[in-house]
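J.: make a model of this:
(chains A and B)
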Amino acid sequence: GAVVSQHPSRVICKSGTSVKIECRSLDFQATTMFWYRQFPKKSLMLMATSNEGSKATYEQGVEKDKFLINHASLTLSTLTVTSAHPEDSSFYICSATVGSGRDNEQFFGPGTRLTVL
Amino acid sequence: QKEVEQDPGPLSVPEGAIVSLNCTYSNSAFQYFMWYRQYSRKGPELLMYTYSSGNKEDGRFTAQVDKSSKYISLFIRDSQPSDSATYLCAMSGGGSYIPTFGRGTSLIVHP
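T.: So this is what the prediction gives:
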């Protein structure tokens, strides 16, 4: 199956710093990449959808200036959490899709655990 | 009412038991139904994918969709300790391919 990687897998930072998380599709070119946030015992919350070369589409309630998404190529998307605060601590997961319509299976990365002190 | 409801559990069963996991939903436009398995501190992986109503079987796993009742199920036969994980249902449709996820059910299969 298609493989999606994320880096780093875990990051601990001080409040006020910015953190960049990379999401890569390793063996395919992704039509679209998604960024999710997951709290313990809660569902995946879609933050934004990004297509290569265009601006990301953010879900309602997600601050686009806080969570910067860059989709530089068909295999790489980055999420930067700017001026991170303890409430930004969470599990961030990206996914990538191949194809469209009913064949639009999402392949998930392993996630990045962010802890803001 | 949330679009997708799923009991978070945990659900604890002995090895070899038949497991039944369920989700209900409110959006009648949903047509694509998925089950994902997520191990602790890992990303979800797709287990089953069904379109519209009916059953789909893959090894020990069977997915059922009842659109009239807005109810989907995942059955696991001969459950194994390695099946211990969180199972998330997801569904999409109505012009959007972006799935809406349930909160996941934590399953524990003990030897």
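
J.: by contact count, what packs against the helix or strand bottoming out on mean pLDDT in chain B?
T.: Ranking every helix and strand in chain B by mean pLDDT, DSSP states H and E puts strand B:96-101 at the bottom, with a mean of 84. Applying 3 or more C-beta pairs under 8 Å, 6 or more residues apart in numbering or on different chains; DSSP states H and E, one finds that strand B:96-101 contacts strand A:44-51, strand B:30-38, strand B:85-93. In this view, the C-beta of every residue, glycine as well, is placed from N, C-alpha and C.

J.: after the shortest one comes which helix or strand?
T.: The element immediately downstream of strand A:44-51 (helix or strand, assigned by DSSP states H and E) is strand A:57-58.

J.: and that next one, how far out from the chain's middle?
T.: Centre-to-centre, strand A:57-58 and its host chain are 12 Å apart (C-alpha atoms, centre = their mean, to the nearest Å).

J.: what are the pairing partners of the helix or strand following that strand, and which direction each?
T.: Heading C-terminal from strand A:57-58, the first helix or strand you meet, by DSSP H and E, is strand A:67-73. Sheet pairing of strand A:67-73 (DSSP bridges) gives strand A:76-81 (antiparallel).

J.: just the CA atoms from the strand it pairs with would do, formatted as CSV, please.
T.: The C-alpha trace of strand A:76-81 is given here as CSV (Å, rounded to 0.1, in the frame of the first residue of the first chain):
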residue,chain,number,x,y,z
LEU,A,76,5.4,17.1,0.6
SER,A,77,3.2,19.2,2.8
THR,A,78,4.3,21.0,5.9
LEU,A,79,2.3,22.3,8.9
THR,A,80,3.9,25.0,11.0
VAL,A,81,2.4,25.7,14.4
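
J.: next, the buried residues of the least confident helix or strand of chain B.
T.: B:97, B:99-101 (16 or more other C-beta atoms under 10 Å in any protein chain shown).

J.: which of the helices and strands packed on strand B:96-101 sits closest to residue B:15?
T.: Shortest distance between residue B:15 and the helices and strands packed on strand B:96-101, using C-beta to C-beta, is found for strand B:85-93: 14.6 Å.
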